[in-house]
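Q: sequence and predicted structure, then a few things I'm wondering about:
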Amino acid sequence: MTRLLNDGRVRGWLAQGLIALGVLAVVWFFVANAADNLARGGVATGFDFLWARSGVDIGFKLVEYGPDSSYARLLLVGIANTLFVSAVGIVLGTVLGFAVGIGRLSHNRLLSGFATVYVEAVRNVPLLLFVLLWYYLVIRGLPAPRQSIALFGVGFVNNRGIFLPSPVTGGAFWWVAAMFLAGLAATVVLRRWARARQDLTGRPFPVTEAGLALTVGLPLAAAVLVALSLDWDRPVLRGFGVRGGVSVIPEFLALLAALTTYTAAFIAEIVRGGILSVTRGQREAAAALGLGRRQILRLVVLPQAMRVILPPLTSQYVNLVKNSSYAAVIAYPEIISVFVGSALNNTGRAIEIIAITLAIYLAINVSVSLLMNWYEARTRVPGR
């Protein structure tokens, strides 16, 4: 026994086991105490409420839902809306963040100064205030429906959102997704061919330009062809509002704008730090080989900087998903608003609803982290 206790690994396992037992004991105490209090108060418990009629009406939804749907369906609406605004925010925030981060290092005084002011101003404002600013000062400050701003004669913008034409029959739009996937696959094949060709001949191939043409040009061409072949329901000004078409609600626009611009400021600093981590000698060596500034940035600096950028970038993506819960203050129907808000008020199942919400956020953010870790492992530059 003494020999086992003198083994560092054994002592480590024992310490971890005791800590785990302590944590489980604390959790069990709180769970048992909560169950006892609920039983004494005659409060119903369980997850059977998920299949009851919700009676909640949702204006903006990406899945089929109505007031007669169940609370489980209401939860699905909240998850879909959260994932949608988070995914779009991550894409737009990454593009804007990289542009601002690179702009801060520009030799152009005006560009670098503007980027610096943007980063310092946005990073020092609370996100809640930023959401309210976009919603009440920017989106709600747009003209009323009768004074709507026309969008090239096909849509309108006002303080009730953006109104765009909607297809009467939209079954052919799957061609757009098919062309995007085909362009993505062709870009991967083209990149491998270009790398092998350059290894053999030394001649580079414009993979980035060709990849953009394939992943953007093909879906865009398919979208134009499909659009020309369909009948459209165009929005029109009628009475005190806009009728017809499809609308993007102002709450979504305000939340997306706030999450994008706020997160982009932090991503910009991450990108700037990653680029500065690449030694000056790398740039000088690339310039000595005859590479231009854009080629040095794309082929030499960014590939090495990504190993520094990716870990904190993952944290910003996770933060953006969590920050989407601020939508509750402007009534955008995401998880917190429709489930923790409406469902909790109607059913009173606080413990169950909060536990489900915690599990959903945990699953989403763990998935984001695993995906980014996989990408980091695939793109890691081999070192010594």
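A: Arrived safely, thanks for sending.
Q: use CA for all of it now, contacts and neighbours both
A: Fine.
Q: per-residue pLDDT, the nearest residue to R203 once chain neighbours are set aside?
A: Residue nearest to R203 in three dimensions, not counting chain neighbours: R197, with 7.2 Å by CA to CA, 6 or more residues apart in numbering. Residue-level confidence at R197 comes out at 80, pLDDT.
Q: work out for me the element R197 sits within.
A: According to DSSP states H and E, R197 maps onto helix 174-201.
Q: which strands and helices sit next to that helix?
A: Here helix 174-201 touches helix 207-212, helix 218-229, going by 3 or more CA pairs under 8 Å, 6 or more residues apart in numbering; DSSP states H and E.
Q: may I have the last one as CSV, with CA atoms only?
A: By that I understand helix 218-229. Output of helix 218-229 as CSV, limited to C-alpha atoms (Å, rounded to 0.1, in the frame of the first residue of the first chain):
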residue,chain,number,x,y,z
LEU,A,218,-21.3,29.2,-60.8
PRO,A,219,-23.9,29.7,-58.1
LEU,A,220,-24.5,33.3,-59.3
ALA,A,221,-25.1,32.2,-62.9
ALA,A,222,-27.4,29.4,-61.7
ALA,A,223,-29.3,31.9,-59.5
VAL,A,224,-29.8,34.3,-62.5
LEU,A,225,-31.0,31.5,-64.8
VAL,A,226,-33.4,30.1,-62.1
ALA,A,227,-34.6,33.7,-61.3
LEU,A,228,-35.4,34.3,-65.0
SER,A,229,-37.4,31.1,-65.2
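Q: how about it, which residues are buried there?
A: L218, P219, L220, A222, A223, V226 (16 or more other CA atoms under 10 Å).
Q: show me where the stretch 201-350 of the chain has its helices.
A: Here the stretch 201-350 of the chain has its helices, by DSSP state H, counting those that start in this stretch, at 207-212, 218-229, 250-276, 280-288, 293-295, 302-323, 335, 344-347, 350-379.
Q: give me whichever of those helices is most buried.
A: helix 335 (a mean of 27; mean count of other CA atoms under 10 Å).
Q: tell me which residues touch the nearest residue to M179 once chain neighbours are set aside, please.
A: Nearest non-adjacent residue to M179, counting by CA to CA, 6+ apart: P219, 5.1 Å away. Counting by CA atoms under 8 Å, 6 or more residues apart in numbering, P219 makes contact with W175, V176, A177, A178, M179, F180.
Q: now do G46
A: Taking CA under 8 Å, 6+ apart as the test, what G46 contacts is R349, E352.
Q: so what's A305 up against?
A: Taking CA under 8 Å, 6+ apart, we find A305 in contact with V271, G274, I275, L276, S277, V278.
Q: the first one against G101, yeah?
A: Yes - V271 is in contact with G101 according to CA atoms under 8 Å; the separation is 5.3 Å.
Q: just to check, Q282 is in contact with V300?
A: Yes - look at Q282 against V300 with CA under 8 Å: they come within range, at 7.3 Å.
Q: ok so, going back, number of nearby residues for the residue nearest to R203?
A: 14 (other CA atoms under 10 Å).
Q: what's the answer for D231, then?
A: D231: 13 neighbours (other CA under 10 Å).
Q: likewise the one 10 residues further on?
A: As a burial measure, G241 scores 15 neighbours (other CA under 10 Å).
Q: so it bridges to which residues?
A: Beta-bridge partners recorded for G241 (DSSP bridges): R238.
Q: report pLDDT for it.
A: G241 is assigned 75 on the pLDDT scale.
Q: check M306 too.
A: The model reports M306 with a pLDDT of 84.
Q: same check on F47?
A: The model's pLDDT for F47 equals 79.
Q: ok, it - contacts?
A: The neighbours of F47, taking CA under 8 Å, 6+ apart as the test, are E352.
Q: from the middle of its chain, how far away would stretch 80-92 be?
A: Taking CA atoms, centre = their mean, to the nearest Å, one finds the center of stretch 80-92 at 4 Å from the center of the full chain.
Q: kindly apply the preceding question to stretch 201-214 instead.
A: With CA atoms, centre = their mean, you get 28 Å for stretch 201-214.
Q: so what's the closest residue to R272 other than its chain neighbours up against?
A: Leaving aside its chain neighbours, R272 sits nearest to G101 (5.0 Å; criterion: CA to CA, 6+ apart). Applying CA under 8 Å, 6+ apart, we find G101 in contact with A115, I267, A268, E269, I270, V271, R272.
Q: just flag the most distant two among those residues.
A: A115 and I270 (13.5 Å; CA to CA).
Q: okay, now the unreliable bits of this protein?
A: Applying pLDDT under 70 to the chain picks out residues 1-8, 10, 38, 42-44, 169-173, 380-384.
Q: how about the contacts made by L92?
A: By CA under 8 Å, 6+ apart, L92 lies in contact with T260.
Q: one more time with 10 Å, if that's ok
A: Counting by CA atoms under 10 Å, 6 or more residues apart in numbering, L92 touches S86, L256, A257, L259, T260, T261, T263, A264.
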